[in-house]
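Trainee: Got a sequence here, can you build the structure:
(one chain, ligands or ions: 2)
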Amino acid sequence: MEKLLELTSVSYSYHSLKGETLALSNINFTVHKGEFVAIVGPSGCGKTTLLSLLSGLLEPEHGSILLYGQKLFEKGNGTIGYMLQHDHLFEWRTIEENVLLGPEIQKRLTPRKREAVSDMLKTYGLYKFKDAKPSQLSGGMRQRAALIRTLALEPELLLLDEPFSALDYQTRLTVGDDIGSIIKKEKKTAVLVTHDLSEAVSLGERIIVLTKRPGTIQKIIPTVFPANLSPLERRNTPEFKDYFNQLWKEMSENE
Ligand code: ADP
Ligand code: MG
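Mentor: Numbering: from 1, shown residues only. Ligands and ions are numbered 1, 2, ... in the order given. The predicted structure follows:
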């Protein structure tokens, strides 16, 4: 499979008046095109920092991050989409206006783009809400709209930073399933960071376990499930329990 992203000996420190905080140290991994990678680690271990590096917002202090073989920080982040804990939909825009925001800002809102985005709204059941305001939608539908807004920019790589953690437990399961299935259907490459082990097992094709700060790679666990199971269906398999226990053990050794 084609290498999309390659991290070699990446470290990052924050500098402030109080001194230096080493957030990440010696991170090495590769992400292949079409892969869904989940990254887990305790709170404060550097997960958000890692995504900021992958998005090109921060530059590694040491080491390199290559996107298709080119230095990411120099190449820019035009092909990277970001999805956060809060959907950041604007209440004063309709759902359709919200999902078209990216292309509009980039002055790339062509009729073809409008049509492609309408098609996505139809495919993912939001078309009948296209003229609604975000507050009229459920939390799950809002996250779906936020994903479509991100996909409207046709990103090569999707970065997801605990995107379901603001939702209640029940909703989190169905929305995780929903978003995971859409990303798979659209054949996107995704890196999800989460502190929720079951979320990582249900969505990840590979799970990277980070140690507590400074975050280093403790273990990389590839997951193998029967083909074509949705994230929710994965939760009902014996494999799910095994991977969950393995992750739990890794995280406990991490304490
Ligand atoms: P996580 O997302 O895993 O909870 P973060 O990447 O947000 O962790 O943070 C990693 C570490 O870096 C934490 O100890 C945090 O306090 C520190 N940190 C994060 N952002 C800054 C900043 N802007 N300045 C100084 N320290 C920071
Ligand atoms: Mg974080």
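
Trainee: what about the spatially most central residue of the chain, distance to Asp178?
Mentor: Nearest to the mean C-alpha position of the chain, by Cα atoms, centre = their mean, lies Leu160 at 2.0 Å. From Leu160 across to Asp178, the span is 13 Å (Cβ to Cβ, to the nearest Å). Any C-beta I mention is one placed from the backbone N, CA and C, and that applies to glycine too.

Trainee: just Pro231 next, same as before
Mentor: Distance from Pro231 to Asp178, by Cβ to Cβ: 9 Å.

Trainee: again with Thr237
Mentor: Counting by Cβ to Cβ, the gap from Thr237 to Asp178 is 19 Å.

Trainee: Pick out whichever of these two has more residues nearby.
Mentor: Asp178 (22 against 15; other Cβ atoms under 10 Å).

Trainee: For the more buried one, which residues are in contact?
Mentor: Neighbouring residues of Asp178 by Cβ atoms under 8 Å, 6 or more residues apart in numbering: Gly140, Gln143, Arg144.

Trainee: Can you tell me which of the residues you listed lies closest to Asn28?
Mentor: Gln143 (31.4 Å; Cβ to Cβ).

Trainee: Got phi/psi on the closest one?
Mentor: Gln143 adopts backbone torsions of phi -70, psi -40, taken as degrees, to the nearest 10.

Trainee: ok, now Glu162?
Mentor: Per degrees, to the nearest 10, the backbone of Glu162 is at phi 40, psi 50.

Trainee: Next one: it from Pro231, what distance?
Mentor: Distance from Glu162 to Pro231, by Cβ to Cβ: 16 Å.

Trainee: check contacts around Leu159.
Mentor: Per Cβ under 8 Å, 6+ apart, neighbours of Leu159: Leu51, Leu54, Ser55, Ile80, Gly81, Tyr82, Met83, Ala190, Val191.

Trainee: oh, I was asking about Gly46
Mentor: Counting by Cβ under 8 Å, 6+ apart, Gly46 has contacts Tyr12, Ala23, Leu24, Leu210, Arg213, Pro214, Gly215.

Trainee: Out of those, name the ones that lie in helices.
Mentor: Among the contacts of Gly46, no member is found in helices (DSSP state H).

Trainee: Tell me which two in those are the farthest apart.
Mentor: So, these by Cβ to Cβ: farthest apart are Tyr12 and Leu210, at 12.7 Å.
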